[in-house]
Structures are given as C-alpha cells and as structure tokens.
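here is my input, please return the structure:
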Amino acid sequence: MQSSRIAGLLAMRLRSFALAMGVSTVTGRLLSITRFAVKGLTGEALEEALLEAGRGLKDDRRYALALPGTVFDPAHPVPLPKTRFAVWARFARMAALKSRYVPATTMLTLEVPGGPAVTARLDRPEDYARIERAVEEIIGAEIDGRVRLIDGRSHRFTDVSVVSPEMMEAVSLINLSSLEAFAAHLGRPIDPRRFRGNLLIDGIPPFAELDWVGRTIEIGGVRFKGALRTQRCAATEVDPDRAVRDIRLPLELRRAYRHADMGIYLYVETEGVIQPGDPVRMAA
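Numbering: from 1, shown residues only. Modelled structure (predicted):
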C-alpha cells in the first residue's frame, strides 16, 4: 500500500512538471453523460447533451428535496448548503430510490423498495406530495418534520452553488482511470456512481484531470475550462445498489494521496453538442 501511495504521488509530480514544460495534447474519450434532475436521487444517462456557454446540463439539479426548516424562494434564490437537503451524504437509504425523469413532460418516476412506482409531473406542484411521501417512507425516521420537493427554476442545487453563480453552472467530470487506480490501491472495485458526476471519461492518465484547473479542455466540439478540483464527501461512502455505507472513501483518499479530491468541475465556454464516444483533449 505504501509503495502504491508513493507511486501515485510521484505520478502527480511528473504530470505537473510535464504541464509546466508544455507537453502536447492529451487525448481520451467521453464514456457517459448523466443528468441528476432531482438532487439526491439517481441520475439518467443521456445519449447527447446540448450545452450553452456559461450554463450546465439542462435540468441538472433543478429540483431538490428540502429538509424541514429549509427556506427557499425560487423568485429570489439564495444558494444553500447540501445539508439542507435529503442527500446521500446524510441519508444512505436515499440510494434505494431509483428515479427516471423525462424533460419533455417533466414526468418523474420513483421506484420505491417494496412498493409500487410513484409518478409525478414536476410542472404540477399538486403532484409533489406523492414524491414527498415516498421519500419520507425511506428517511422519515431520521428527520423531524416533512420533506418538500422544490423547483429551483433557473437555480441549480449543486453542491458548489454556494461558491459562486459561475460555479453553480459548472459540470462535474470523473476520470475512470483515476477511479481504477484508486480501486487497485484499495484492492476492491469502486462504482463510479458513488461520485455522481455528470461526465465520465477514460483514456486520460490517472489523476491527470486534477491538473486541469485553469486549463482549456475540449470534449467533442465544446470547449471547457477547468474550474475546481472536487473534494469528496460522505456521499461516496454509499453503495449505490445496497444503499448502505460500506467504505470511508474520503478518508481512504487522504490516506492514499494526502487529499480527498476525485474529479474536477468544468466551466462550459462554448455552445455545442457532446455525446458518448467524443474525444477529450487538453491542450498544453
């Protein structure tokens, strides 16, 4: 384990040196695109995504499940920390709820363990109570009060919305090579779904993406700029299939690499369509 950690740290030092010396373009590929319409629920894989400059994925984290006492006015939105919402970081059982969202109709379908699926149109607030009751069946014993489904409209309930309006619109990227290197260090597989990223890429050296802050990246015909490394929280401790905490990944990251970062946030700089299979390039 010690030699693996040293090798990982050395690899990061070498990448930083290579970038400083002006190494040529690195090429990988986009494996998948995932939208999380409701913060704290599962995401949907997209066949393609139309992106606009300065905007994130359409409808990503547009909705959220507010905990008792949370105040939010969509007409005058104020960013709130994730502790105000029903999320995996606090409620592991949230992973047991499997959701599907159809933006054309705003139809949300929620599969509840041991019960019938629940559906609601998210453009009809009168439907929200169905979703709220389903969530309360899962986490009701852990809260004092009612859960409320809220529509942010133009606001996104991303974890980094509290950083700045620009960061609220950033998309999150995960490098599969980094996950595989970390999994090899731990001696066990790590499901990428634990990290709830929008973009999953491959073909880039492990942890190379952590050096992309401030640099320009192209995916397909869309240009991005590295914004912020993603520091991981307790949400990653949850097994997406069993909905239980089974490994303290932030702690294991710190033990292995002396940081808890996995992935990076990207600003969208140009308009265009991206789809799985697109090349990923980072110019030196």
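
quick one: residue 63 from residue 281, how far?
33 Å (C-beta to C-beta, to the nearest Å). For every residue, glycine as well, the C-beta is placed using N, CA and C.

for residue 218, same thing?
When residue 218 is compared with residue 281 (using C-beta to C-beta), they lie 5 Å apart.

could you report the neighbour count for the closest residue in space to residue 193 that isn't next to it in sequence?
Nearest residue to residue 193, sequence neighbours excluded (C-beta to C-beta, 6 or more residues apart in numbering): residue 240, at 4.3 Å. Number of residues near residue 240 (other C-beta atoms under 10 Å) recorded here: 15.

okay, residue 240: pLDDT?
The score at residue 240 is 97. That number is its pLDDT.

now the phi/psi pair for it, please.
phi -60, psi -30 (degrees, to the nearest 10).

which residues sit in contact with it?
Residues near residue 240 by C-beta atoms under 8 Å, 6 or more residues apart in numbering: 42, 95, 191, 193, 194.

for PyMOL, what selects the buried ones among the residues you listed?
Command for PyMOL, covering only those of these found buried under the criterion 16 or more other C-beta atoms under 10 Å:
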select buried, resi 42+95+193+194
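
tell me which of the contacts of residue 240 is nearest to residue 68?
residue 95 (21.1 Å; C-beta to C-beta).

list the contacts of the closest one.
Contacts of residue 95 by C-beta under 8 Å, 6+ apart are 42, 88, 238, 239, 240, 241, 242, 243.

how about the second one, nearest residue that isn't a chain neighbour?
It refers to residue 88. Closest to residue 88 by C-beta to C-beta, 6+ apart is residue 235, at 3.9 Å.

just the buried residues of the contacts of residue 95.
Buried subset of the contacts of residue 95 (neighbour count, 16+ other C-beta under 10 Å): 42, 88, 238, 243.

and residue 227, what pLDDT?
98.

low-confidence regions, the chain specifically.
Applying pLDDT under 70 to the chain flags residues 1-26, 283-284.

break it into its domains for me.
Per automatic domain parsing, the domain ranges recorded for the chain read 2-34+164-282, 59-159.

so residue 270 sits against residue 222, correct?
Yes. Residue 270 is within contact range of residue 222, at 5.7 Å (criterion: C-beta atoms under 8 Å).

and the helices in this structure?
With DSSP state H as the criterion, the chain has helices at 2-20, 128-139, 165-168, 176-186, 249-257.

just the buried residues of the fourth one, please?
Right, helix 176-186. 176, 177, 178, 179, 181, 182, 185, 186.

comparing residue 270 and residue 222, which shows the higher neighbour count?
The neighbour count for residue 270 versus residue 222, taken as other C-beta under 10 Å, is higher for residue 222 (21 against 13).
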